[in-house]
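In: One predicted model, sequence on top.
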Amino acid sequence: MNKKNKILVIRFSSIGDIVLTTSFLETIKSKFINSEIHFLTLDKFAPILEMQPNISRVISLSNSTNLIGLLRFKKYISLARYNYVYDLHSSLRSRFLTFGLDVDIKTINKPRLLRFILFQFHKNKFPKNFSTIMMYHQCINFDSSIKFPDTKLVVSKAEQVCARGFLNENKVGDSFVVLIPGAAWPQKQWYSSRYGKVINKIVKKTGKDIIMLGGKNDKICEEISLINNHVINFAGDTDLREAMAIISLSDIVFGSDTGLMHIAESLGKPVSMILGPTSVETGGGTYLKDSVNIESDVWCRPCSQNGSLKCFRSSQYCMDYISTEIVTNSVLKRV
């Protein structure tokens, strides 16, 4: 009988990056047929990976863990006797936890120089087919000409039943569209006034309900709900798993380059993703065949890795040049 390989995969944050690792997990599972995969992440993101078919165990770490706590955690990892460790984060914390372990450790090579050239000189030297999923797969021998596995998350039937009950209580029809306008940084958010116009056009053309999801701190959700009474605002009313269940029941999802959009694709839902200051080279963008990236061709984008930098121009043209017609049509074509 073949010996089972114990494998540890590390990715602490954030939502989108963690979701994209599930493609790599599929590859690892096929590479090591008889394997047990553990996944180390921050505790606030651990629920994302519940019931993920390629993970045997999710190990969570608090973001506030101090040095003593990390030393204890490092000892735990050492005692677990993993055969392989894949560090898909390559941070000071992940390197500290894996340094000195008597195990085969593979760490992603972040394209820092290529990013610098892209952001500072606006010269794109990245390979044509570069993506975050490709970057993860560079930890193993792979054929870049072969399509990478799709990302995959799982929502249980019980979660869907509860979500459907919640939707029924709020008089949401069986067929609906999900809007996710919020993002970690304001520069990644399109304009609430334009979202309001898109909502009106979609409702008029399809008659479908439009649900808005997000966190309690996503002020743009409140702004949109104040100017448009056709949208149903659930921002701040669901936890992560509940939001996933609602998305899994939807027809299509549209909105910002943010984690919930990647979750939608991992649940098999087509998305229309609005890319302003970010791009595929920075980890944004869609992966499913039926999904669409909505972006403008301006010389200054992308301007930062995660869209955190304030725009230095008189207006944020990467968002200005994205019209309500483009966004509306991208949804209507696939709804």
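Out: Done, it's in. Quantities reported herein were computed from a predicted structural model and do not represent experimental measurements. Residues are numbered from 1 along each chain as shown.
In: Determine the longest strand present in the chain.
Out: With secondary structure taken from DSSP state E, the chain has its longest strand at strand 35-42.
In: buried sites along that strand?
Out: The neighbour-count criterion (16 or more other CB atoms under 10 Å) identifies Ser35, Ile37, His38, Phe39, Leu40, Thr41, Leu42 as the buried residues of strand 35-42. The C-beta positions use only the backbone N, C-alpha and C, and glycine is treated the same way.
In: My read is that the fourth one contacts Val58, right?
Out: Yes. Applying CB atoms under 8 Å as the test, Phe39 and Val58 come out as touching, 5.2 Å apart.
In: between those two, what contacts are shared?
Out: Contact with both Phe39 and Val58 is made by residues Leu49, Gln52, according to CB atoms under 8 Å, 6 or more residues apart in numbering.
In: distance of Asp150 from Leu101?
Out: When CB to CB, to the nearest Å is applied, the distance between Asp150 and Leu101 equals 31 Å.
In: now do Tyr195
Out: Plainly put, Tyr195 is 48 Å away from Leu101 if you go by CB to CB.
In: what does Pro111 give?
Out: 25 Å.
In: Spit out the contact partners of Ile133.
Out: Leu20, Ser23, Phe24, Phe148, Thr151, Tyr287.
In: how does it look with 7 Å?
Out: When contacts are counted by CB atoms under 7 Å, 6 or more residues apart in numbering, Ile133 touches Leu20, Ser23, Phe148, Tyr287.
In: So which of the residues you listed belong to helices?
Out: Leu20, Ser23 (DSSP state H).
In: nearest spatial neighbour of Thr22, skipping sequence neighbours?
Out: Beyond its immediate neighbours in the sequence, the residue positioned closest to Thr22 (CB to CB, 6 or more residues apart in numbering) is Thr151, lying 4.6 Å away.
In: which residues does the one you found contact?
Out: In this structure, Thr151 makes contact with Val19, Leu20, Thr22, Ser23, His262, Glu265, Ser266, Tyr287, judged by CB under 7 Å, 6+ apart.
In: quick one: least confident of those residues?
Out: Across the set of the contacts of Thr151, Tyr287 stands lowest in pLDDT, at 93.
In: Might one say that Ser266 is in contact with Lys152?
Out: Yes. Checked against CB atoms under 7 Å, the pair Ser266 and Lys152 is within contact range at 5.6 Å.
In: Could you report the distance from the closest residue to Glu281 other than its chain neighbours to Gly255?
Out: Closest residue to Glu281 in three dimensions, ignoring its sequence neighbours and counting by CB to CB, 6+ apart: Phe126, at 4.9 Å. Using CB to CB, we find Phe126 at a distance of 25 Å from Gly255.
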